[in-house]
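J.: Give me coordinates for this.
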Amino acid sequence: RVLVILVCLAAAASAAVTWRSCGTERDLCPINNVELSPDPAQKGKPAVFRLSCNSSAVTAGGEVTLNAYLGALRIFNDIVDICSYNPCPDPAGPRVYAHTQNIPALAPAGAAIALNVVAKDTNGAQLLCVDINFNVAASASARAQAVPTRQIA
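T.: As a prediction, the model looks like this:
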């Protein structure tokens, strides 16, 4: 039974990040890709989330709300000025929002983390919404490079 548990944890830790848009057709910058580096995320080290989208409008300002969950338990909440990612006003067109987050050293090895990201402009219009699922590496020797992600329905 121990071997089965170890194999399950290793499989979970090697899974690529997955994501799904939680936005609507009215989003001003719908998500078209998400990358995580390193993937899987490493305990006690920073992880970089790169959200790619294509904006239909100039963004003068706004905020990004980030909520991370381990199961039903919210383990992280932050609100960030959107202009800290890209200088405002940010013109219409392709964008990348890169957010660096330290993964707690106490995060359980193989843990599955769910991250919800919602960005709104100064008028309250939603720019983007994305749910990201990723795993914490079971060990420091786990593969630590960005890999293509897979969108889930």
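J.: can you map out the helices along this protein?
T.: Taking DSSP state H as the test, the helices found in the chain are 2-14.
J.: What ranges does it have for its strands?
T.: 18-21, 31-37, 46-55, 62-70, 73-81, 93-102, 112-121, 126-135, 150-151 (DSSP state E).
J.: So which of the ones you listed has the densest surroundings on average?
T.: When the strands of the chain are scored by mean count of other Cβ atoms under 10 Å, the highest mean neighbour count falls to strand 126-135 (a mean of 22). (Each C-beta comes from the backbone N, C-alpha and C, glycine too.)
J.: orientation of that one relative to strand 46-55 in degrees?
T.: Interaxial angle, strand 126-135 versus strand 46-55 (axes from the mean of the first three to the mean of the last three Cα atoms, to 10 degrees): 150 degrees.
J.: Leu115 bridge partners, please.
T.: As for beta bridges, Leu115 partners with Ala68, Ile132 under DSSP bridges.
J.: Where does the prediction get shaky in the chain?
T.: Applying pLDDT under 70 to the predicted model, the residue ranges of the chain that meet it are 1-15, 139-153.
J.: ok so, going back, can you list the strands of the chain in CSV and add distance to Pro87?
T.: CSV is the format used below for the strands of the chain (distance: least, Cβ to Cβ, whole Å):
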stretch, distance to Pro87
strand 18-21, 25
strand 31-37, 21
strand 46-55, 14
strand 62-70, 13
strand 73-81, 11
strand 93-102, 11
strand 112-121, 15
strand 126-135, 15
strand 150-151, 29
